[in-house]
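A.B. asks: Based on what follows, work out the 3D shape:
(one chain, ligands or ions: 2)
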Amino acid sequence: MAVNGNSVRPKVLIPEKVSPDGLALLKGSLEVHERQGLSADELHEIIGQYDALIVRSETKCTASLLAAGKKLRVVARAGVGVDNVDLDAATKLGIIVVNSPQGNINAAAEHTIALLMAVARNVGAASLSLKGGKRERSKMVGIEVKGKTLGILGLGKVGLTVARAAGGLGMRLSAFDPYANPSLAASANVEILPTMDELFEQADFLTIHTPMIASTKGLIGSAELSKMKPTARVLNVARGGIVDESALLEALEAGTIAGAGIDVFTSEPPKPGDTASKLIQHPKVVATPHLGASTMEAQENVSIDVCEQVLSILSGQLPRSAVNAPIILPEEYRTLRPFVTLLEKMGSLYTQHFSPSNTASQLRTTFDLTYEGSLASANTTKPLFAAFVKGLLSPISSPDSLNINIVNAELVAKERGILVNESRSRDQVEQEGYSASVTLRARLDPRSSSASRTRRAEASTTNSASAGERRKKIEEQVITGFVSHNTPYISRLGRFTTSFVPEGTMLICRNFDEPGKIGVVGAKLGKAGVNIRSMTVAPIETGGEEVGLVGDGSVGEGGAEGEKQREALMILGLDRAVDDVVRKSLIGEEGMLEVSVVVL
Ligand SMILES: NC(=O)c1ccc[n+]([C@@H]2O[C@H](COP(=O)([O-])OP(=O)(O)OC[C@H]3O[C@@H](n4cnc5c(N)ncnc54)[C@H](O)[C@@H]3O)[C@@H](O)[C@H]2O)c1
Ligand SMILES: O=C(O)[C@H](O)COP(=O)(O)O
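C.D. replies: Ligands and ions are numbered 1, 2, ... in the order given. Model prediction:
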């Protein structure tokens, strides 16, 4: 294979142990240098000679290392996590970072099952005791997993693979994942629960398979552990820090949790005396040193996967799984780029505003995207579709699982159960002062008749609103956006006509349209040290329904009884994040109906 048409062969550096199966693919066209054991300084000194770098989790690809790599075009991570790569720096330097999001899924799932069984049957402690010359049979009596409930937090690729294997062991399967694909869940006999609390209450074993992102850091703390049975065991083969290590240690010591199987820690390797080390030493814990992906097969898979991608990039093609790859090809750049940004923002706004991650109560939806005006004659809408899917998933994914581009967007959407219909309309847009716009409508997914979805809908409707109200809520999930002077704007959000630039941290409040509301919000934010940078107030859209105050003073949307009251939407641009306590305290204020915080 001719790479770059150069007679000089590009060079690739591999400073960690990467399976030879992939490296063999490189040797025909690249100069391959395997140099394990380099110090950070040595690496820094030689990186300037290389066109590609292949790493696992130990090489720290800092901004300064990447900047020293003057010829570097690709950093390939032979595995999933790119925590050790400075992605922003790589993107700024035009270095593509690729990974292997599928290659070690089965290995991680099987390791979870290994820890499940080890914790259930005291395998670690019994082996240690026997090696120490003891024979403590009665002390090592375990429990069977058959008939027990496995609670799965995060039903993505690893979570589903674990579910299938645990089903084979005769376990009952429940999961909490607001974004799970219901048909995949049903096919693995997993019941999706409407709240996380139910998962904690039901689980005999709780297994964690979410990404490590801001919203999952410390997701399982003392409060959550206290909702679990004292006989329950916790497994973490995802990432250190999703379970609060101090809280878990306390619960194990207090006997309110019976055991744990842990592969990942907040500090790796743990420092002597830190909480991770204390957990590792704890008699009720089976611990492994981040071995989830350490099988011969997984290492072969990830090596072949990333080496193929290194070859693609060095020969000018788009890779399969680039963490920071461009969604758009250079020739489409001028016309579509601003709309790519708009679609990504619209997707992210949808997930954060209409589909909060702490409940599974939203009904499954299908998305209709309509490209209006001049956009209706675009040669391709693939980059727009890809940007929308990326935006939808970005608030709930870690950067390493967000490798969406025009090559793989349809596949990713399908895997995640996201149904998007695209259509074009040449109507009227010129009159609005811009030439093209995009409208997103979410509607009830006809697939929601599947068994698991029915269970989920039933469970959530008994908790809160009626099915009719829920349907209506979904029907109101409309976002329209346009681009003016290369800047994206949102012109409709739900029932409200508005105009704001979707950028930075924004507080979106739906409230009764009456005096004093801005003051109330401003005072609360001021107290929390948050400055308001911009503000837009949108009155209810013409033709939209007004809200009826029912007899008891509670709010009934579109209700026939009682006095009608107008609503407004207040959109505030903020200079920093607002924590959930402040957000929730605003909802308590009189006339404040809904408040969401979005980061765009
Ligand atoms: N130990 C190892 O060696 C090893 C190997 C591979 C993967 N991993 C880790 O395993 C985890 C899962 O990987 P994956 O490939 O299955 O990821 P994935 O992206 O396919 O699945 C993650 C799932 O978590 C869900 N989720 C996000 N936020 C949630 C929340 N607040 N509550 C409930 N669910 C939520 C998402 O909707 C998604 O379905 C990741 O943390 C990954 O880094 C570890
Ligand atoms: O992110 C990953 O792929 C896993 O956590 C495995 O990491 P490793 O390559 O360091 O074993």
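A.B. asks: Roughly how far does residue 576 sit from residue 587?
C.D. replies: Distance, residue 576 to residue 587, using Cβ to Cβ, to the nearest Å: 20 Å. (Glycine included, C-beta is placed from N, CA and C.)
A.B. asks: Tell me how many other residues surround residue 143.
C.D. replies: Using other Cβ atoms under 10 Å, residue 143 is surrounded by 16 other residues.
A.B. asks: again with residue 504
C.D. replies: 14.
A.B. asks: ok, the residue of the stretch 301-450 of the chain at minimum distance from ligand 1 - contacts?
C.D. replies: Relative to ligand 1, the nearest point of the stretch 301-450 of the chain is residue 401 (3.9 Å; Cβ to the nearest ligand atom). Contacts for residue 401 were tallied using Cβ atoms under 8 Å, 6 or more residues apart in numbering; they are 80, 101, 156, 211.
A.B. asks: among those, which are within reach of ligand 1?
C.D. replies: Restricting the contacts of residue 401 to those touching ligand 1 (Cβ under 6 Å from any ligand atom) yields 80, 156, 211.
A.B. asks: Which pLDDT does the model give the first one?
C.D. replies: If I follow you right, that is residue 80. Turning to residue 80, the model gives it a pLDDT of 93.
A.B. asks: Then the second one?
C.D. replies: Residue 156 carries a pLDDT score of 94 in this model.
A.B. asks: That one and ligand 2: what is the separation?
C.D. replies: Residue 156 sits 13 Å away from ligand 2, going by Cβ to the nearest ligand atom, to the nearest Å.
A.B. asks: what bits of this structure have low per-residue confidence?
C.D. replies: For the chain, applying pLDDT under 70 flags the ranges 1-7, 325-331, 356-364, 407, 428-433, 444-475, 540-564.
A.B. asks: Now do the SS call for residue 443.
C.D. replies: strand (DSSP: H, G, I helix; E, B strand; the rest coil).
A.B. asks: before we move on, what SS does the closest residue to it other than its chain neighbours have?
C.D. replies: Spatial nearest neighbour of residue 443, chain neighbours left out: residue 366 (5.6 Å); criterion: Cβ to Cβ, 6 or more residues apart in numbering. What three-state DSSP gives for residue 366 is strand.
A.B. asks: now residue 366, which residues is it bridged with?
C.D. replies: Under DSSP bridges, the beta-bridge partners of residue 366 are residue 419, residue 443.
A.B. asks: Would you check that it makes contact with residue 422?
C.D. replies: No. In this structure, residue 366 is not within contact of residue 422 by Cβ atoms under 8 Å, at 11.8 Å.
A.B. asks: Check the gap between the residue of the stretch 301-450 of the chain closest to ligand 1 and ligand 2 for me.
C.D. replies: Distance, residue 401 to ligand 2, by Cβ to the nearest ligand atom: 10 Å.
A.B. asks: Now do the phi/psi pair for that residue.
C.D. replies: phi -100, psi 10 (degrees, to the nearest 10).
A.B. asks: Equivalent analysis for residue 312, please.
C.D. replies: Dihedral angles for residue 312 - degrees, to the nearest 10 - are phi -60, psi -50.
A.B. asks: The residue nearest to it when sequence neighbours are not counted: what's it in contact with?
C.D. replies: Spatial nearest neighbour of residue 312, excluding adjacent residues (Cβ to Cβ, 6+ apart): residue 319 at 5.0 Å. Neighbour list for residue 319: 74, 96, 98, 309, 312-313, 325 [criterion: Cβ under 8 Å, 6+ apart].
A.B. asks: Go again with 6 Å.
C.D. replies: Counting by Cβ atoms under 6 Å, 6 or more residues apart in numbering, residue 319 touches 98, 309, 312-313.
A.B. asks: and what of residue 101?
C.D. replies: Residues near residue 101 by Cβ under 6 Å, 6+ apart: 80, 321, 401.
A.B. asks: nearest to residue 379, of these?
C.D. replies: Nearest to residue 379 among the contacts of residue 101: residue 321, at 25.6 Å, using Cβ to Cβ.
A.B. asks: Roughly how far does the closest one sit from residue 495?
C.D. replies: The gap separating residue 321 from residue 495 is 39 Å, by Cβ to Cβ.
A.B. asks: ok, these two, which is more surrounded?
C.D. replies: Of the pair residue 321 and residue 495, residue 321 is the one with more neighbours under other Cβ under 10 Å, namely 26 against 21.
A.B. asks: Can you report how many residues lie near the spatially closest residue to that one that is not a sequence neighbour?
C.D. replies: In this structure, residue 321 finds its nearest non-sequential neighbour in residue 403, 4.5 Å apart by Cβ to Cβ, 6+ apart. For residue 403, the neighbour count with other Cβ under 10 Å is 25.
A.B. asks: doesn't residue 320 make contact with residue 403?
C.D. replies: No. In this structure, residue 403 is not within contact of residue 320 by Cβ atoms under 6 Å, at 8.1 Å.
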